[in-house]
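> Provided below for reference: sequence and predicted model.
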Number of protein chains: 2
Amino acid sequence: NIKSKYGLDKIGDDCAVLTKDSTNDLLMTSDMLIEDIDFRLDWTTPEFLGHKALAVSLSDIAAMGGIPVWSMLSIGVPKDLWETDFIDRFYSGWFALANLHGVQLVGGDVSRSTDKLVIDSTVGGDVAHGKAIKRSTAKAGDAIFVTGKLGGAAGGLELLENGFRYSFSKREKYNDLLLKQVKPQPQLSTGKLLRVGHIASSMIDLSDGLSSDLHHLCRQSETGAKIEADAVPIHPDLSHFYVADDCLAMAVNGGEDFELLFTVGEKNISLLDSLDVTRIGVMTANIDTIELTDDIKTIILPPNGYRHF
Amino acid sequence: NIKSKYGLDKIGDDCAVLTKDSTNDLLMTSDMLIEDIDFRLDWTTPEFLGHKALAVSLSDIAAMGGIPVWSMLSIGVPKDLWETDFIDRFYSGWFALANLHGVQLVGGDVSRSTDKLVIDSTVGGDVAHGKAIKRSTAKAGDAIFVTGKLGGAAGGLELLENGFRYSFSKREKYNDLLLKQVKPQPQLSTGKLLRVGHIASSMIDLSDGLSSDLHHLCRQSETGAKIEADAVPIHPDLSHFYVADDCLAMAVNGGEDFELLFTVGEKNISLLDSLDVTRIGVMTANIDTIELTDDIKTIILPPNGYRHF
């Protein structure tokens, strides 16, 4: 594995955590988005892309309970886009989200690229010293929760691949699924609340997908997990386009929802009453093994491995 | 200008400066390098490229008198390179320079790109609170200095374009020029010394070239400058390949030497005795105008504009 080879996985959390002073730590995260690998220009708009370039980094800050403060944004823009209003519209989407969360642009660059658009976003944030919520601190017996609904971004991606496009003029029943993919919303307020209230025992954001990200959490915490299939909050609009088992597969494996996955000790569960979160299972002592169970049977869930019962 | 439109030039210095605590500021700089725009793979080696990806950012830290501490490195690697030892060799060059300066890799990613290699490097550093050396604080009458010799990187670039390649087996007279281009050395110790000794009144690194970077300094400081052509320290190896006037043009306009350009008040000039620096002129009250003078006449020097006397 290339990341372990260069010590990048020892970092292990959504953000790097550096001691800033005796009361605060500095959180930092960096994401590179490359055209035709991470996005397609004809699937999105420049504004959505500017939003998403920042949102994916803000989600990493959210996953540690932090508050985003500044960003360095570098974009490499090919010639054909340079001559359009692309850059204007990209920044307008970026700044709309940045202003919403009080994030200040402190550096970066706009340069030419050869033929593909390249975006690199670094975001820095604050968190109380030693209080960032890590992946490595879940305990067997802790309940597992997620924010929001899952699988929408994966369903939206498949719709985009099949030619669907977000409609600004009509309220289409695929619009929300496409938005989950092209304009994800970082869960900053929930992430912060889970830290300030000392509620979550561990946390990660759902970028790779529930099965993969839960594996990251289990590996770092040296625990296992048991998920109740019926409890997974499937994005309700998926059922307009997909059969039930495919909806569950998207919710379990699909990436880029940018919701939060976190664990909570029994005594703190009542503190979650006012939040839009769903209990989906429990951490176990069965190290690095994730079980997915329904009323009838239980399967072992490999990372990205759910097919069907 | 695209940078001013989005507030990127208000940033104005080589690094963003953020207050860290009451005694220290955080310096941050970000550089994106794109294959076939910023480098060509057949002109360099993976090790040199790893070195340069970090060196350009370290040079920005040096230009503010800072000490580099951490880096986030993201690279997007096309398929054909993925299957070679490229990544190994790239990181080996990166870490060799990082270890030399005590820089810790705290994050980043290795991902796939379509067909071009993309590198984004963010480096953070420390500087005493309020003591970062800025571009905006030169005064008319201050002497202008540069470190090292100039034009080597531009001469090396032209040699690369003409088919010359660095020789590991023989001591070729073009080797040092090629190294200036493919393996620049950030001037961290000089930069730090100029800050700790309260010697420099302003500073910038020579990335765009003397004429352009001096214009940046003059604009930010609301001053002008007068450069003595005979005092400009031209890289000695250029004369093996170029006529005298072309050598001067490379030293005045050529980018990527990553030396330091700084100003010093009269009373501090004696403090520079032990350093490899050259006095090349004086800041003037002739706002935003750069004069280049020799024994015979004086020309006005536009950014990147020197042709010949």
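Cool, the structure landed. Numbering: from 1, shown residues only, chains lettered A, B, ... in the order given.
> Contact residues of the stretch 101-250 of chain A facing chain B?
For the stretch 101-250 of chain A, the residues in contact with chain B (CB under 8 Å from any CB of the partner chain) are A:105-116, A:118, A:120, A:122, A:124. For every residue, glycine as well, the C-beta is placed using N, CA and C.
> now for these, which pair is the farthest apart?
A:Asp115 and A:Gly124 (31.1 Å; CB to CB).
> more neighbours, the two?
A count of neighbours by other CB atoms under 10 Å in any protein chain shown puts A:Gly124 above the other of A:Asp115 and A:Gly124, at 30 against 13.
> can I assume the more buried one is in contact with A:Pro68?
Yes - the pair A:Gly124 / A:Pro68 is scored as a contact, 7.5 Å apart, by CB atoms under 8 Å.
> follow-up on the earlier one: just the buried ones from the residues of the stretch 101-250 of chain A next to chain B?
With burial judged by 16 or more other CB atoms under 10 Å in any protein chain shown, the buried subset of these is A:105-111, A:113-114, A:116, A:118, A:120, A:122, A:124.
> nearest to A:Ile34, of the residues you listed?
A:Val118 (5.5 Å).
> State the pLDDT value of that closest one.
Looking at A:Val118, its pLDDT is 96.
> which non-adjacent residue is nearest it?
Nearest non-adjacent residue to A:Val118, counting by CB to CB, 6 or more residues apart in numbering or on different chains: A:Gly76, 4.0 Å away.
> Could you tell me which residues make contact with that neighbour?
By CB atoms under 8 Å, 6 or more residues apart in numbering or on different chains, the contact set of A:Gly76 is A:111-113, A:116-119, B:32, B:34, B:37, B:118.
> Identify the bridge partners of it.
Legend: beta-bridge partners of A:Gly76 under DSSP bridges are A:Ser111, A:Val118.
> What distance do you get for whatever residue of the stretch 201-309 of chain A ends up closest to chain B to A:Gly163?
Using CB to the nearest CB, the point where the stretch 201-309 of chain A gets nearest to chain B is A:Ser207, with a distance of 11.4 Å. Separation of A:Ser207 from A:Gly163 (CB to CB, to the nearest Å): 26 Å.
> what do you get for A:Gln220?
40 Å.
> neighbour count winner among those two?
A:Gln220 (18 against 7).
> how far is stretch A:170-179 from where the chain is centred?
20 Å (CA atoms, centre = their mean, to the nearest Å).
> Straight-line length of that stretch, end to end?
14 Å (CA to CA, to the nearest Å).
> Need the residues that contact that stretch.
Applying CB under 8 Å, 6+ apart, the external contacts of stretch A:170-179 come out as A:152-153, A:155-156, A:159-160, A:164-167, A:235, A:237-238, A:240-241.
> can you tell me how far A:Phe168 sits from chain B?
25 Å (CB to the nearest CB, to the nearest Å).
> what kind of secondary structure is that residue in?
Of the three states, A:Phe168 takes coil according to DSSP: H, G, I helix; E, B strand; the rest coil.
> burial count for it?
A:Phe168: 7 neighbours (other CB under 10 Å).
> Also the one 4 residues further on?
A:Glu172 sits with 13 neighbouring residues when counted by other CB under 10 Å.
> As a check, name the ranges of all helices in chain A.
Applying DSSP state H to chain A gives helices spanning A:2-5, A:8-11, A:46-62, A:79-82, A:86-100, A:152-161, A:175-182, A:188-196, A:210-221, A:244-253.
> Comparing these, which comes out most buried?
By mean neighbour count, with neighbours taken as mean count of other CB atoms under 10 Å in any protein chain shown, helix A:46-62 ranks first of the helices of chain A at a mean of 26.
> That one - contacts with which helices or strands?
strand A:24-34, strand A:67-77, helix A:86-100, strand A:118-128, helix A:175-182, helix A:188-196, strand A:200-205 (3 or more CB pairs under 8 Å, 6 or more residues apart in numbering or on different chains; DSSP states H and E).
> tilt between the last one and helix A:210-221?
Per axes from the mean of the first three to the mean of the last three CA atoms, to 10 degrees, the angle that strand A:200-205 makes with helix A:210-221 is 130 degrees.
> Please name every helix or strand in contact with strand A:200-205.
helix A:46-62, helix A:188-196, helix A:210-221, strand A:260-264.
> And stretch A:146-162, how far out from the chain middle?
Using CA atoms, centre = their mean, the offset of stretch A:146-162 from its chain centre is 12 Å.
> same thing with stretch A:109-126?
19 Å.
> Now do the end-to-end distance for that stretch.
OK, stretch A:109-126 end separation, CA to CA: 24 Å.
> what's the answer for stretch A:174-194, then?
The first and last residues of stretch A:174-194 sit 31 Å apart, counting by CA to CA.
> tell me the mean pLDDT for it?
Taken as a whole, stretch A:174-194 has a mean pLDDT of 98.
> so who does A:Ala154 touch?
Counting by CB under 8 Å, 6+ apart, A:Ala154 makes contact with A:181, A:209, A:250, A:253-257.
> my bad, A:Leu58
Counting by CB under 8 Å, 6+ apart, A:Leu58 makes contact with A:68, A:97, A:101, A:103, A:123, A:186, A:188.
> In TSV, list these along with distance to A:Arg171.
Listed next are those as TSV, based on distance: CB to CB, whole Å:
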residue	distance to A:Arg171
A:Pro68	31
A:Leu97	23
A:His101	27
A:Val103	30
A:Val123	33
A:Pro186	25
A:Leu188	27
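> Of these, which is the most crowded?
Neighbour-wise, the contacts of A:Leu58 (other CB under 10 Å) top out at A:Val123, 28 neighbours.
> So what pairs up with that residue in the strands?
On the basis of DSSP bridges, A:Val123 is bridged to A:Thr29, A:Ser71.
> my guess is it contacts A:Ala53, does it?
No - if you go by CB under 8 Å, A:Val123 and A:Ala53 don't touch, sitting 10.2 Å apart.
> one step back: what's the per-residue pLDDT of the residue of the stretch 201-309 of chain A closest to chain B here?
At A:Ser207, pLDDT is 94.
> what's the distance between it and A:Ala249?
Noted for A:Ser207: a distance of 18 Å to A:Ala249, by CB to CB.
> among the helices and strands of chain A, which has the poorest mean pLDDT?
In chain A, the helix or strand scored least confidently by mean pLDDT, DSSP states H and E is helix A:8-11, which has a mean of 53.
> contacting residues for A:Val252?
Contacts of A:Val252 (CB under 8 Å, 6+ apart): A:150-151, A:209-211, A:227, A:229, A:232, A:292, A:301, A:306.
> err, A:Pro46, not the other one
By CB under 8 Å, 6+ apart, A:Pro46 lies in contact with A:85-90, A:92-93.
> Excluding sequence neighbours, find me the nearest residue to it.
Nearest to A:Pro46 is A:Arg89, by CB to CB, 6+ apart, at 3.5 Å.
> from what I can see that neighbour touches A:Glu47, true?
Yes - judged on CB under 8 Å, A:Arg89 makes contact with A:Glu47 at a distance of 5.3 Å.
> which one in chain A is furthest away from the centre?
Going by CA atoms, centre = their mean, the residue of chain A most distant from its centre is A:Glu83, 32.6 Å out.
> Next one: it from chain B, what distance?
As judged by CB to the nearest CB, A:Glu83 and chain B stand 12 Å apart.
> contacting residues around the residue most central in space within chain A?
Chain A has A:Phe258 as the residue nearest its centroid, 2.5 Å off, counting by CA atoms, centre = their mean. Going by CB under 8 Å, 6+ apart, A:Phe258 touches A:55-56, A:59, A:153, A:184-187, A:205-207.
> Look up the pLDDT of it for me, please.
Listed pLDDT for A:Phe258 reads 98.
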